[in-house]
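In: need a structure here:
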Amino acid sequence: MPKIIKSVKPLNLSKSLIRVILIILITCGLTIAAIPPVTIHQTAVSAEQEIRGVWITNVSSGVLFVPWGINRALDQLSTLNFNTVYPVIWNRGTTFFKSAVSRRVTGQSQDSLLHISRLGRDILSEIVIEGHNRGLRVIPWLEYGFMAPINSQLVKRHPEWVTTTKDGRLILPRYTTEPEPVNARLFNQIRRLLLLSPIRNVWLNPLHPGVQRFLEDLIIEVVMKYNIDGIQLDDHFGIPVEFGYDPYTVSLYKQEHQGKSPPDNPQDPEWRRWRSNKITDFIEHLVTTIKAAKPDCIVSLSPNPYEFTYNVYLQDWLTWVNRGWIDEVVLQVYRNSLEGFIKELEHHSLITTQQKVPLSIGILSGTLHNPVAIKEIAAQVQEVRDRHLDGVCFFYWETLWSYLTPDSPKKRRQVFEMMFSESIVD
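Out: Coordinates of the predicted model:
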């Protein structure tokens, strides 16, 4: 058992309070004219069966942090006949619920900014209770999976949990993310004030027993502690193909290959399959543990399209579906063109998946860097319905309707009301 350090670095209250104030100001602007011409037909899937979901994240979003944010969001979603929310519970090395497991491993029970802004209250408990009161399914979402910032307490306390590339790198440039700007001038002012820097992400080794135990304990804690409808694993329940050359993984590979080292080429088919199979073994154990703890708990998965996910992240999620471990798939299809979107919907893996489990499509409703017009969103929803898929889910709450989108909040809510006109709440 790794040594647990009990002392925690004191929180800079002045900086955190400034962040809270900024989030409140931004959120007030985000969630407080003719409708664009869109063509919307009712789905072939019944309104009672169609999944109408949204992801609720902490990134570039204030909904979790302001006192009125969650109740207001759930009210609007229920009124517009959404039926599922996927609130984040694991992101950037911290939890977004009060976790004894997180306190044991990282030294803090939940995200420090969330703790301050919500005065120590448990936001997930509030989402579960208020969501169910409004007829919404609540399926907590582990957005970051095996990814964590290099400066997080998790990584600082357990550096042996981090995997590396062949040349010993911990970080790949494409997994360094910039905080999303509201606008350039305001963002630069805020960045100078808070000394914001890019988030440099590393990857936890999915084969390491310590990593497996931590994530398993974290998930079982949520499953047993809250009256949730399910739990959702993300596309980050895999690792980039370049990784796997850490001492633990290399030693394990040698044990199973008569002392032979892993190939230098991370794309080597056997080496790629071996790592992917090890991740699959962990998922089998994890799902078995979840079902033993709560048999009716939905195990949801939100991967990227299959070939990309396997080749880039070693995530063989189609095998997980075929073996009966997954109860629901929400496929992330974030494309800049309708043609690219349709191409992904016609991939043969979707046919295989829908024969096994409900399959809904994740649609990008926008980011602060990349706003998406409501006409484009409605067109993608219609393509999903034309193929008789099981529903849609939007990434993310803050960009469904806000003053930072190409259309006014009123226009966007009117279109969502048209799309989901048939009620799904008894």
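In: Below-threshold pLDDT in the stretch 301-426 of the chain: ranges please.
Out: In the prediction, the stretch 301-426 of the chain carries residues with pLDDT under 70 at positions 423-426.
In: again, 50 this time
Out: Within the stretch 301-426 of the chain, the ranges that satisfy pLDDT under 50 run 424-426.
In: what do you get for the stretch 101-250 of the chain?
Out: In the stretch 101-250 of the chain, residues with pLDDT under 50: 180-195.
In: Recalculate using a threshold of 70.
Out: 176-197.
In: For it, just list every one of the strands.
Out: Applying DSSP state E, counting those that start in this stretch to the stretch 101-250 of the chain gives strands spanning 137-138, 141-142, 147-149, 176-177, 199-203, 230-234.
In: next one: the stretch 251-400 of the chain
Out: 298-302, 328-332, 359-364, 391-395.
In: how far does the longest one sit from the chain's center?
Out: Put plainly, it is strand 359-364. When C-alpha coordinates are averaged (Cα atoms, centre = their mean, to the nearest Å), strand 359-364 and its chain have centres 13 Å apart.
In: relative orientation of that strand and strand 391-395 in degrees?
Out: 30 degrees (axes from the mean of the first three to the mean of the last three Cα atoms, to 10 degrees).
In: Strand 359-364 pairs with which strands?
Out: Note on strand 359-364: by DSSP bridges, its sheet partners are strand 328-332 (parallel), strand 391-395 (parallel).
In: can you check the first one too?
Out: Based on DSSP bridges, the pairing partners of strand 298-302 within the sheet are strand 230-234 (parallel), strand 328-332 (parallel).
In: contacting residues around it?
Out: 86, 139, 141, 229-235, 237, 287, 290-291, 317, 320-321, 325-332, 362, 393 (Cβ atoms under 8 Å, 6 or more residues apart in numbering). Just so you know, the C-beta spots here come from the backbone N, C-alpha and C atoms, and that holds for glycine as well.
In: can we see that at 7 Å?
Out: For strand 298-302, the surrounding residues in contact (Cβ atoms under 7 Å, 6 or more residues apart in numbering) are 139, 229-235, 287, 290, 317, 320, 325-330, 332, 362.
In: do the same with the longest one
Out: Contacts of strand 359-364 with the rest of the structure, by Cβ under 7 Å, 6+ apart, involve 51, 53, 302, 329-334, 350, 353, 372, 377, 380-381, 384, 389-395.
In: biggest helix in the protein by residues?
Out: The longest helix of the chain (DSSP state H) is helix 269-293.
In: Could you give the separation of it from the chain centroid?
Out: On Cα atoms, centre = their mean, the centre of helix 269-293 falls 19 Å from that of its chain.
In: Which positions within that helix qualify as buried?
Out: 271-272, 274-276, 278-280, 282-283, 286-287, 290 (16 or more other Cβ atoms under 10 Å).
In: again, but for stretch 119-129
Out: Buried residues in stretch 119-129, counted by 16+ other Cβ under 10 Å: 122-124, 126-128.
In: Make JSON lines out of these and add distance to residue 103.
Out: Listed next are the buried residues of stretch 119-129 as JSON lines, based on distance: Cβ to Cβ, whole Å:
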{"residue": "122", "distance to residue 103": "13"}
{"residue": "123", "distance to residue 103": "16"}
{"residue": "124", "distance to residue 103": "15"}
{"residue": "126", "distance to residue 103": "20"}
{"residue": "127", "distance to residue 103": "20"}
{"residue": "128", "distance to residue 103": "20"}
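In: From those residues, which land in helices?
Out: Those of these lying in helices (DSSP H): 123-124, 126-128.
In: now, which of those sits nearest residue 345?
Out: residue 127 (30.4 Å; Cβ to Cβ).
In: which residues does the residue lying farthest from the centre of the chain contact?
Out: Within the chain, the residue lying farthest from the chain centre (Cα atoms, centre = their mean) is residue 258, at 38.7 Å. Applying Cβ under 7 Å, 6+ apart to residue 258 gives no contacts.
In: Residue 248 too?
Out: Residues near residue 248 by Cβ under 7 Å, 6+ apart: 205, 207-208.
In: Check the gap between it and residue 124 for me.
Out: Going from residue 248 to residue 124 by Cβ to Cβ, to the nearest Å gives 32 Å.
In: for residue 65, same thing?
Out: 14 Å.
In: quick one, what contacts residue 55?
Out: Listed by Cβ under 7 Å, 6+ apart, the contact set of residue 55 reads 86, 141, 393, 395-397.
In: where does it land in three-state SS?
Out: strand (DSSP: H, G, I helix; E, B strand; the rest coil).
In: likewise the one 10 residues further on?
Out: Under the three-state scheme (three-state DSSP), residue 65 adopts coil.
In: can you check the one 5 residues further on too?
Out: For residue 70, the secondary-structure state derived from three-state DSSP is helix.
In: tell me how far stretch 262-273 is from the chain's mean position?
Out: Distance, stretch centre to chain centre, for stretch 262-273: 28 Å (Cα atoms, centre = their mean).
In: How about residues contacting it?
Out: Against stretch 262-273 from outside (Cβ under 7 Å, 6+ apart): 166, 241-242, 244-245, 250, 253, 314.
In: could I get it in CSV with only the CA atoms?
Out: The C-alpha trace of stretch 262-273 is given here as CSV (Å, rounded to 0.1, in the frame of the first residue of the first chain):
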residue,chain,number,x,y,z
PRO,A,262,7.8,-4.8,-25.9
PRO,A,263,8.4,-3.7,-29.5
ASP,A,264,9.8,-0.2,-30.0
ASN,A,265,7.0,0.6,-32.4
PRO,A,266,3.9,1.4,-30.3
GLN,A,267,1.7,0.6,-33.4
ASP,A,268,2.9,-3.0,-33.5
PRO,A,269,-0.3,-5.1,-33.9
GLU,A,270,0.5,-7.7,-31.2
TRP,A,271,1.8,-5.1,-28.7
ARG,A,272,-1.3,-3.0,-29.4
ARG,A,273,-3.6,-6.0,-28.9
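In: All set, thanks.
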